[in-house]
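Colleague: sequence first, predicted model second:
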Amino acid sequence: MEAKPFSTLSLKPELLQALDSLDFKLMTPIQAASLPPILEGRDVIGQARTGSGKTAAYGLGLLSRIDPLQTKTQALVLCPTRELADQISKEIRRLARCMPNVKLSVLSGGIAKRPQLASLEYDPHIVVGMAGRVLEHIELGTLKLDDLRVLVLDEADRMLDSDFEDVSRAIVDKTPRSRQTLFFSATFPDAVRGVSRKLQKQPEEISIDNEVSASTVEQTFFEVDSNRRMDALAHLLTQHRPESALVFCHTKKDAQEVESQLAARGYSVLGLHGNIEQRERDEVLVRFTNGSCRVLVATDVAARGLDIKELAAVISYELPEDADLHVHRVGRTGRAGRSGLALHLFTPRERSRLTEIEQRLGIKAQIGKIPMTALLPDRPVQPFAVTLCVDGGRSDKLRPGDLLGALTGDVGVIKEAVGKISTFDTRTYFAIDKKLAKHVLQRLRECKIKGKKFRVREID
């Protein structure tokens, strides 16, 4: 399919201006297929792999429908995690950068309500949030949806599964029947399609770019004995030495066990699952994305909404029971034309899952072998950087450029020694070369940033 420019769409001039300023010229396949019916006001089910541009597709759609002069909540986006809510809000704000006076509020769980209540004192035009917290505000009367024009369920398969379906449907019941309803996700089980028929009006179903690209992802399956699965995982990590690897497990218990055993073997590893607090989750993701941790172990649920742009490898500790979930896992690597690596462990009892994946993808799986003699302890590759935390952030008007200026100025390190800088409301994290960490920690504690001293510490 030939890529089409955004200028072929009937978008508001302000949106075209924003797209031009962001250097977004050509639509991705999911955008080209879904935006015309969305702009016509039709309900849509959009299915496309992670990183395909789904957020911009519905973001442009809902921004086309709202009236900034009407101070009412006109668009609502529901999603399953705080990280995804933050990513969605940033993307929509970027797209709305040339539209004056558009207010967007983020309503996520796991954080204090007081700032959210202040934000809702005057109705936002757009709300992005997690279903549980959104429903709380509806029941409190602090969020009113009487004038809602567009409802979006991102990761709709997750929002309509057994964990979220009741609260999602309770929110839908509070919205006008005249609303436009958009579902977007990487996978859509038949059960979700059944729910869609009850919540949407003759939706146009679009499935684009949902297959694993053989040209960018090298995918290999390894049959192992169940009692040697951990040895095999360690061998693959040491043999391939990926810069970053996301290891998928079925359950929280499995993820915790794999993280613990890899750490005991000397691997730079962190875990992401439902048993960690939000702040710790933030720090785990910061350390993984800035390169100071090389391996992240996660459940499929916990990994929802993660936006890791340059993921070198995904590894399935065991094959998922659903072939679509396998596609979703593999779609996290090899994005934007980059090469990726997908490695999958399975036992003889999981052979039927492999067959289902082969049928789903229309492929003959490449089966690799791990010699039993290779399953011996090996020396893991360690990251070059550590992460330091400055106890100051957006609420202190501390910007990444301010910190970088202090590091290259008063601290005296070269710019190339500083890794990714991540800013939150009250904290700023950055990666620094291990050899320089002690010096940087001492000097940064002594100097001032923007005329103020901040507490600085290492994250471990």
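Modeller: Happy to help now that I have it.

Colleague: what number of residues lie near residue 60?
Modeller: Neighbourhood size, residue 60 [other Cβ atoms under 10 Å]: 27. Every C-beta, even on glycine, is put in place using the N, C-alpha and C of the backbone.

Colleague: identify the residues contacting residue 299.
Modeller: Residue 299 is in contact with 248-252, 254-255, 272-274, counting by Cβ atoms under 8 Å, 6 or more residues apart in numbering.

Colleague: what's across from it in the sheet?
Modeller: For residue 299, the beta-bridge partners are residue 249 (DSSP bridges).

Colleague: quick one: low-confidence parts of the stretch 201-350 of the chain?
Modeller: Applying pLDDT under 70 to the stretch 201-350 of the chain flags the ranges 209-215, 274-275, 305, 307, 336-337.

Colleague: all helices of it, in order?
Modeller: For the stretch 201-350 of the chain, the helices defined by DSSP state H, counting those that start in this stretch cover 229-240, 252-264, 278-289, 323-330.

Colleague: who wins for proximity to residue 40 among those?
Modeller: Residue 40 lies closest, by Cβ to Cβ, to one member of these: helix 323-330, at 28.4 Å.

Colleague: what sits up against the closest one?
Modeller: 49-50, 186-189, 210-212, 217, 219, 248, 300, 314, 316, 319-320, 340, 342, 344, 353, 356-357, 359-361.

Colleague: show me just the buried residues among these.
Modeller: Using 16 or more other Cβ atoms under 10 Å as the burial test, the contacts of helix 323-330 include 49-50, 186-188, 210, 212, 217, 219, 248, 300, 314, 316, 319-320, 340, 342, 344, 353, 356-357, 361 as buried.

Colleague: picking that back up, most neighbours, which of the contacts of residue 299?
Modeller: When neighbours are counted by other Cβ under 10 Å, residue 248 leads the contacts of residue 299 with 28 neighbours.

Colleague: tell me the domain ranges of this protein?
Modeller: Using automatic domain parsing, the domain parsing of the chain gives 6-207, 217-374, 385-459.

Colleague: now, which of the contacts of residue 299 sits nearest residue 12?
Modeller: Distances from residue 12 to the contacts of residue 299, taken as Cβ to Cβ, are shortest for residue 272 (38.4 Å).

Colleague: any idea how far that closest one is from residue 349?
Modeller: 27 Å (Cβ to Cβ, to the nearest Å).

Colleague: got it, and residue 35?
Modeller: Taking Cβ to Cβ as the measure, residue 35 falls 45 Å from residue 349.

Colleague: and the two? Which one has more around it.
Modeller: A direct count of neighbours by other Cβ under 10 Å for residue 35 and residue 349 places residue 35 higher, at 25 against 9.

Colleague: got a list of what residue 57 touches?
Modeller: 28, 30-31, 34-35, 38, 46, 184.

Colleague: point out the least confident one among those residues.
Modeller: The lowest pLDDT within the contacts of residue 57 belongs to residue 28, with 89.

Colleague: isn't that one up against residue 51?
Modeller: No. In this structure, residue 28 is not within contact of residue 51 by Cβ atoms under 8 Å, at 9.3 Å.

Colleague: intersection of neighbour lists for those two?
Modeller: Counting by Cβ under 8 Å, 6+ apart, residue 28 and residue 51 have no contacts in common.

Colleague: count the neighbours of residue 122 for me.
Modeller: Neighbours of residue 122 (other Cβ under 10 Å): 9.

Colleague: nope, residue 202 is what I meant
Modeller: Residue 202 has 7 neighbours, counted by other Cβ under 10 Å.

Colleague: grab the most central residue of the chain for me.
Modeller: For the chain, the residue nearest the mean C-alpha position is residue 306 (2.1 Å; Cα atoms, centre = their mean).

Colleague: for the closest residue in space to that one that isn't next to it in sequence, give me the backbone phi and psi.
Modeller: Once flanking residues are discounted, residue 306 sits nearest to residue 83: 6.3 Å by Cβ to Cβ, 6 or more residues apart in numbering. Dihedral pair for residue 83: phi -60, psi -40, per degrees, to the nearest 10.

Colleague: just the one 4 residues further on next, same as before
Modeller: In this entry, residue 87 is assigned phi and psi values of phi -60, psi -40 (degrees, to the nearest 10).

Colleague: please renumber so the chain begins at 58
Modeller: Let's use 58 as the start, then, which means that last one is residue 144.

Colleague: mind checking how far it is from residue 178?
Modeller: Look at residue 144 and residue 178: by Cβ to Cβ, they are 25 Å apart.
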